[in-house]
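1. give me the fold of what follows.
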Amino acid sequence: MNEAAVLQLRNAISHFVKMDDADWALLLPYLEERQLSKQELFAKEGKVSLDIGFLLNGNMRHYYTRDGEEKTKYFYFEGHFVSSYISCIRQQPSELTIEAMTDCTLLVFRYKDLLKLYDLSHKWERFGRLVAEYLAIGLEERMTGLLMLSPEERYIQLLESNKQKIIERIPQHYVSSYLGITPVSLSRIRNRMAKK
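-> Next up is the predicted model:
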């Protein structure tokens, strides 16, 4: 196992909970490194998800399919946790797909193994609670933006947020899907803003 990669994961987890060496060591037997090629799936709609990943390099997108059309809802970059988390929790088929947009490397562990850690350590249990809170906040912010803001306001919010990697690294047709608009509408918004 790549020590630098494991340290990256430990640093990411420490944003939620500071782990001492004994608590941290509980996770190590369950970690595996996984390579995904571009367009390979980490989670698939209709299939129960088992894994939680930590993205070491590359980028991924998470989308839903409706009437044969993909609706992009989230992007993952280096340092992000990746999972169809609700599918893991419920052990029911995922409603979303997570696809590698580039070649990717992840550290992966099973959700069932995380549950074992909850029983062994209050620190890991706290980590689980804080991750759930973080996801709930993110989902509410995303839902509020889609329901309450105009397409132009959503684009401005994206420009002003800490999500610059989306603008810099994601093709425009996926950005428009993420904003809930067509590529043509996004081009018009960008043109209007360029003239201001």
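
2. can you pull out the strands in this protein?
-> Remark: strands assigned in the chain by DSSP state E are 32-36, 41-43, 51-57, 60-66, 69-76, 81-82, 97-100, 104-110.

3. quick one: closest of these to Leu179.
-> strand 69-76 (9.1 Å; C-beta to C-beta). Every residue, glycine included, has its C-beta placed from N, CA and C.

4. what's the burial count for the residue lying closest to Ala5 once chain neighbours are set aside?
-> In space, and not counting its chain neighbours, Ala5 is closest to Leu56: 5.3 Å by C-beta to C-beta, 6 or more residues apart in numbering. For Leu56, the count of nearby residues is 20 (other C-beta atoms under 10 Å).

5. any idea how far Asp23 is from the nearest residue to Tyr155 once chain neighbours are set aside?
-> In this structure, Tyr155 finds its nearest non-sequential neighbour in Ile189, 5.2 Å apart by C-beta to C-beta, 6+ apart. Distance of Ile189 to Asp23, given as C-beta to C-beta, to the nearest Å: 47 Å.

6. same check, this time on Asn57
-> Distance, Asn57 to Asp23, using C-beta to C-beta: 27 Å.

7. next one: Gly180
-> Going from Gly180 to Asp23 by C-beta to C-beta gives 41 Å.

8. and Ala136, how far is that from Leu179?
-> Relative to Leu179, Ala136 is positioned 22 Å away (C-beta to C-beta).

9. more neighbours: which of those two?
-> Between Ala136 and Leu179, counting by other C-beta under 10 Å, Leu179 is the more crowded of the two (22 against 10).

10. for this structure, longest helix please?
-> helix 122-148 (DSSP state H).

11. and that helix, how far out from the chain middle?
-> 12 Å (C-alpha atoms, centre = their mean, to the nearest Å).

12. that one vs strand 69-76, what angle?
-> Orientation of helix 122-148 against strand 69-76 (axes from the mean of the first three to the mean of the last three C-alpha atoms, to 10 degrees) gives an angle of 130 degrees.

13. when Asn57 and Asp23 are compared, which one has more neighbours?
-> Shown here are Asn57 and Asp23; by other C-beta under 10 Å, Asp23 has more neighbours (18 against 14).

14. what does the pLDDT read for that one?
-> Per-residue confidence at Asp23 stands at 97 (pLDDT).

15. what do you get for Ala194?
-> 78.

16. on that earlier part again, and the longest helix of the chain, what does it pack against?
-> If you count contacts as 3 or more C-beta pairs under 8 Å, 6 or more residues apart in numbering; DSSP states H and E, helix 122-148 packs onto helix 111-120, helix 151-160.
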